[in-house]
Structures are given as C-alpha cells and as structure tokens.
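Colleague: return atomic coordinates for the entry below.
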Amino acid sequence: RAVRFYKYMLPASLGVLAAMMAPALWALGGPSRHPGERGVGGMSTGDVLGPACLLASVSMLSTLATYVYHWFRFSRTEALHAIEILELEAAPPLTHVVVVCAYSEPLEVLERTFESIAAQRGLQNNPIAVLASEARDHTRHNSFAHLQSITKGRLSICMTEHELEEGEPAGKASNENFAVRAVHRKLIDDLGLDPFEVIITIADADSVFSETYLAQVGTAYCNEPDGRRLIYKGPLNVYRNFSDAGLLVQSLELARCHADAFHGLFSVPYPYSNYSLALGFASEIGFWTPDAMPEDIHTANKAIVNSFGSRTTVLVNAVICNDLVPTIGERYAQAKRHQWGSLTELAWVVALWTETGLRFPAWWAVFASESQRSGSLPSAVMALACYVQVSICVYFVGVQGQVLPAHVRPLLWAAGVSVLWSWIWFWVAELAYWNTVMRQFPAQRPSACRWALLVLASPLAYVVNNVLFFILPTLHALCHAAFAGHELVYRTAPKGDAARRPLCGIA
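Modeller: Just a heads-up that it's a prediction; the model follows:
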C-alpha cells in the first residue's frame with residue numbers, strides 16, 4: 001500500500017526544500033557594507049557576541065562529554081578479564097541462534113564468519129548458526145559441508161534453502177524471513193522452547209564477531225527490566241578490508257562508523273545489518289517483511305509501533321567487524337540502495353497513518369524517529385537545503401562582494417570554533433578506537449602516511465562524500481520513484497578483498 005505514495009515523494013521533498021530557503025534569505029536580507037553597521041532588526045556584533053560565545057561553549061562541552069562517555073563505554077570491550085567471562089557465563093541460560101544470510105559468497109568469507117561464531121566465549125551452551133541460503137545458489141551444499149567440518153564440536157550448524165515465491169522480491173529480507181520462520185518451527189513448535197529464551201542474531205555473510213558479542217547481548221537482555229521486546233545492536237563497523245578502498249570511500253566509512261559508534265548522548269542509532277532480538281518478539285511483529293529493502297530499519301520501526309512509540313533499541317558495547325565496499329562505483333550503487341530504502345520507509349510510515357487505526361501519538365513517534373534517523377529522506381532534504389543556503393551565502397559574499405550582516409559574523413565564528421573542536425576530537429577518538437577496540441579483529445590498518453592524508457583531506461572529503469554518496473543517490477531514488485514506476489532491484493554490493501569481487505552477484 002505504501003507504493004502509491006512513491007510518486008509524491010519528489011514533489012513533497014521539493015516543497016520542503018523551497019520552504020527551508022527562508023533562513024538564507026533572512027541572513028542576507030540586510031547585508032552591511034561597514035563593519036560597525038547594524039544588521040537586520042537593528043542587531044550589532046555586540047548584541048550577539050555573548051550568545052555566540054555561550055553557544056560555542058555549550059557545544060564544546062557537549063562534544064567533550066560525549067567522547068568521555070564513550071571512552072568509558074568502550075573501555076571494557078578491548079579485552080575482558082577471566083573473572084568477567086565467568087560473570088557472563090553465570091547469566092541466565094539463553095539459546096543463541098545466529099542467522100547468516102548468504103548468496104554465492106566466497107568460501108573463505110563464510111569460513112571467517114562461522115569461525116568467529118564458533119569462538120564465542122561467555123556462553124553456557126554452544127550457539128546455533130544458520131546458513132540462510134538461496135535455493136538458486138549452486139554453491140550452498142559445498143559451503144555448508146565445509147562449514148560443518150571446520151566447526152565440528154564447537155557449533156551446531158543448519159542450513160535453510162529459500163525459494164522465491166511468486167511476486168516475492170529477492171533480497172536479504174525475504175531470505176531471513178524464511179530462515180527465522182524455519183527456526184521458529186524447529187525450536188518452538190517441535191522442541192517446545194520458550195520463544196523469549198531464544199535470541200536471534202542477524203548477521204551479514206562477511207561478519208567477524210567479537211569473541212564475547214553473543215554473551216554481551218545476553219547480558220544486556222537479562223539486565224533490562226523487561227528485555228523481551230527490544231532490539232540489541234553493537235556499533236557499526238566496516239573496517240576489516242579498510243586498505244582496499246580509496247581515500248574518498250575510506251573517509252566516508254570513517255565518518256559513518258564514527259557517527260554510529262560515538263553517537264550523541266541523547267540519541268540511539270538504528271540497527272544496521274547486524275542486530276539481535278528475541279525469537280518471540282520477532283514472531284509478534286510478523287517476522288520480517290519480505291519486500292522491505294531496508295530490513296533492519298523497517299524491523300526497528302515495526303518494533304516502535306509494537307511498543308506504542310517507545311524506544312526499542314539497546315546498545316551493546318561489543319563489535320561485529322564487516323567489510324566495506326571498496327570502489328566508488330560500487331559504493332554509489334550501495335548508497336542508492338540505502339536511499340531508496342529510506343524513501344520506501346518514509347512512504348510506509350505515511351501509509352501507516354492512512355491505512356491503519358494507529359493512534360496519532362504512536363504514529364508520530366514512528367514518524368519523528370524515522371525523520372531524525374541519519375540517512376533518512378527528511379535528513380537528506382535538510383542536508384541539501386543547507387548546501388543550497390551555503391552556496392547562496394558564498395555567491396553573495398564571494399562573488400557579489402557583499403559583507404555579511406554584523407549579527408551574523410559572531411555566529412559563524414562560534415560555529416567554526418565548534419566544528420574545529422569536534423574535528424580534533426573525531427581524530428583523537430578514531431585513533432584511540434583503532435588502537436584499542438580494533439586490535440581484536442583482523443582488520444587492514446592504514447599506514448601513518450595514509451592517516452595523515454585522511455586527516456588533511458577530511459574537510460574536503462566530507463563535503464564531496466555528502467554530495468556523491470548522500471544527496472545525489474537521494475535525488476536518484478526520488479526520480480526513480482517519480483518516473484520509473486517500479487521498485488528498485490535489490491543488488492548486493494561487492495565486498496571483501498579485490499580477488500573476491502567477481503564472485504559476488506545479485507541477491
């Protein structure tokens with residue numbers, strides 16, 4: 001039902017964009033040609049200097065508090081002492097099932113993933129791993145047999161074979177929906193386990209688990225007052241093959257993973273790719289929606305609906321390390337898929353209001369959460385509006401030779417100081433993260449020269465990446481929705497080392 005709203009997304013976005021141009025017009029409405037001249041509304045430099053300094057101070061203190069908080073949050077993830085492992089093992093017993101969605105994946109990629117699952121510590125029982133394969137994948141049986149042989153005695157492995165039904169789109173959502181339903185039939189219907197004592201972890205095929213990831217998910221689940229209807233996620237991380245990428249893609253993924261790992265104190269990031277929830281909760285929300293391209297985001301939004309607008313994501317400090325998409329063309333294709341998912345998700349939220357009896361407070365909570373999510377369609381429109389406003393300012397000041405109003409200049413200085421302060425702490429935290437948390441993973445580490453180049457080029461790379469991998473893919477998705485008249489085909493972006501790229505395909 002959400003499809004009928006696709007065609008309205010482009011005109012609605014353009015309307016919002018036009019409405020957001022007012023601040024730029026206000027700021028330049030009374031340009032002053034003399035430093036001491038008063039600006040709009042009679043305000044001078046002295047009128048706004050105090051508030052500007054106050055805003056800069058608050059922003060800098062907030063940045064410092066954020067990084068101090070995350071420093072203590074991650075301090076226990078580098079390595080746990082033996083006594084802490086015993087504490088994890090003393091937690092109430094849970095059955096952990098890891099569902100790895102795969103299609104024609106290189107065997108060494110799957111082997112690395114399943115070895116990291118078999119090496120989990122702090123659990124009372126061995127986890128169960130599910131190779132969620134596609135029936136059209138001719139390599140699935142050989143891969144399954146090999147994985148069984150290398151993890152024998154350490155891991156219980158089973159395989160599901162998903163066949164596309166008529167009208168069902170290919171993709172991760174339909175595959176994991178089939179796999180988890182099969183797990184539910186086996187463990188709950190046949191063996192009679194409590195569905196809220198079975199924890200499902202969804203993982204990509206290129207995932208390398210921290211050795212205590214599942215144990216820390218279980219501890220977080222048990223420590224919540226009622227953890228049964230929540231989603232658990234660790235920090236986004238795609239650093240394993242970091243050196244395979246060029247400067248732009250490396251800068252992009254550094255910024256993306258950093259924003260997720262060192263998020264604001266009052267925000268909870270959405271789950272991306274890898275996340276956990278109780279099997280009983282998955283059943284309550286109808287498992288996975290087969291035609292939802294952003295299956296992780298859609299599952300989180302369904303969880304919010306189920307809890308009448310409450311926050312449902314719990315952060316876990318342990319990390320799962322994945323691969324990045326190394327080339328610019330392939331990364332753009334992935335970005336276009338991400339932004340198409342943001343468009344379809346917003347259309348689903350609109351349809352949630354028009355097609356269901358959901359009360360307004362609960363619907364508004366879902367709409368507000370989706371709108372504030374990093375990478376959402378509203379956030380992309382706001383980013384585009386900011387770039388247009390900055391371009392207008394640059395044109396009038398740099399080309400026309402106009403002087404900014406007196407009341408604007410202190411605000412710009414305050415913003416500049418705050419950005420510089422955040423930029424310094426970004427690199428301090430990132431270097432510390434690589435030398436502590438990332439030491440447990442077989443990640444490709446950049447050289448000192450590459451680090452220096454990344455730091456120096458980061459301001460320009462940030463702007464280029466926002467345009468190339470955020471704004472342009474969003475416009476591409478909006479035009480596709482308005483004029484193509486059909487869904488975007490799900491394409492798995494090639495990942496991993498250079499030698500593996502030809503083995504990846506459509507999923």
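Colleague: all helices for the stretch 251-400 of the chain, in order.
Modeller: 279-284, 295-306, 328-355, 360-372, 377-394 (DSSP state H, counting those that start in this stretch).
Colleague: which elements pack onto the third one?
Modeller: Contacts of helix 328-355 with other secondary structure elements, assessed using 3 or more C-beta pairs under 8 Å, 6 or more residues apart in numbering; DSSP states H and E, are made with helix 6-19, helix 247-261, helix 295-306, helix 360-372, helix 377-394, helix 472-479. For every residue, glycine as well, the C-beta is placed using N, CA and C.
Colleague: cool, and the shortest one?
Modeller: With contacts defined as 3+ C-beta pairs under 8 Å, 6+ apart, the secondary structure elements packing on helix 279-284 are helix 172-184, strand 198-204, helix 295-306.
Colleague: let's see that with 7 Å instead.
Modeller: helix 172-184, strand 198-204 (3 or more C-beta pairs under 7 Å, 6 or more residues apart in numbering; DSSP states H and E).
Colleague: what are the contacting residues of that helix?
Modeller: Residues from elsewhere that reach helix 279-284 (C-beta atoms under 7 Å, 6 or more residues apart in numbering): 180, 183, 184, 188, 195, 196, 198, 200, 228, 229, 306.
Colleague: where does pLDDT dip in the stretch 301-450 of the chain?
Modeller: Applying pLDDT under 70 to the stretch 301-450 of the chain picks out residues 399-405, 407.
Colleague: following the lowest-mean-pLDDT helix or strand in the chain, which helix or strand comes up?
Modeller: The helix or strand of the chain with the lowest confidence, counting by mean pLDDT, DSSP states H and E, is helix 82-89 at a mean of 54. For helix 82-89, the following helix or strand on the C-terminal side (DSSP states H and E) is strand 95-101.
Colleague: what about that next one, average pLDDT?
Modeller: The average pLDDT for strand 95-101 rounds to 97.
Colleague: can I get stretch 249-263 in CSV, CA atoms only?
Modeller: The C-alpha trace of stretch 249-263 is given here as CSV (Å, rounded to 0.1, in the frame of the first residue of the first chain):
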residue,chain,number,x,y,z
VAL,A,249,35.5,5.7,0.4
GLN,A,250,37.8,5.4,3.4
SER,A,251,36.8,8.9,4.6
LEU,A,252,33.1,8.1,4.0
GLU,A,253,33.2,4.9,6.1
LEU,A,254,35.2,6.5,8.8
ALA,A,255,32.6,9.2,9.2
ARG,A,256,29.7,6.8,9.0
CYS,A,257,31.0,4.3,11.5
HIS,A,258,32.3,7.0,13.8
ALA,A,259,28.8,8.7,13.9
ASP,A,260,27.3,5.3,14.9
ALA,A,261,29.9,4.3,17.5
PHE,A,262,30.3,7.8,19.1
HIS,A,263,26.7,8.9,18.8
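Colleague: ok, residues contacting that stretch?
Modeller: Contacts of stretch 249-263 (C-beta under 7 Å, 6+ apart): 66-67, 70, 235-239, 242, 269, 324, 326, 328, 331, 374, 426, 429-430, 433, 454, 457-458, 461-462, 465, 469.
Colleague: of those residues, select the buried ones using a PyMOL command.
Modeller: Buried residues within the contacts of stretch 249-263, by 16 or more other C-beta atoms under 10 Å, are selected in PyMOL with:
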select buried, resi 66+70+235+236+237+238+239+242+269+324+326+331+426+429+430+433+454+458+461+465+469
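Colleague: in helices only, show me the contacts of stretch 249-263.
Modeller: Cross-referencing the contacts of stretch 249-263 against helices under DSSP state H gives 66-67, 70, 328, 331, 426, 429-430, 433, 454, 457-458, 461-462, 465.
Colleague: neighbour-wise, which one of the contacts of helix 279-284 leads?
Modeller: Most neighbours among those, by other C-beta atoms under 10 Å: residue 200, with 26 neighbours.
Colleague: for residue 178, see how far away it is.
Modeller: 13 Å (C-beta to C-beta, to the nearest Å).
Colleague: circling back to that earlier point, pick out the most distant pair among the contacts of helix 279-284.
Modeller: Across the contacts of helix 279-284, the longest distance by C-beta to C-beta is 19.9 Å; it joins 183 and 306.
Colleague: thought residue 112 was touching residue 208?
Modeller: Yes: between residue 112 and residue 208 a contact is recorded at 6.1 Å, counting by C-beta atoms under 7 Å.
Colleague: and these two? which has more neighbours close in?
Modeller: Counting neighbours by other C-beta under 10 Å for residue 112 and for residue 208 shows that residue 208 has the greater number, 24 against 18.
Colleague: what's the burial count for residue 320?
Modeller: 26.
Colleague: check the one 10 residues further on too.
Modeller: Residue neighbour count, defined by other C-beta under 10 Å, stands at 18 for residue 330.
Colleague: now it: how far from residue 471?
Modeller: 19 Å.
Colleague: just residue 229 next, same as before
Modeller: 36 Å.
Colleague: cheers, nothing more for now.
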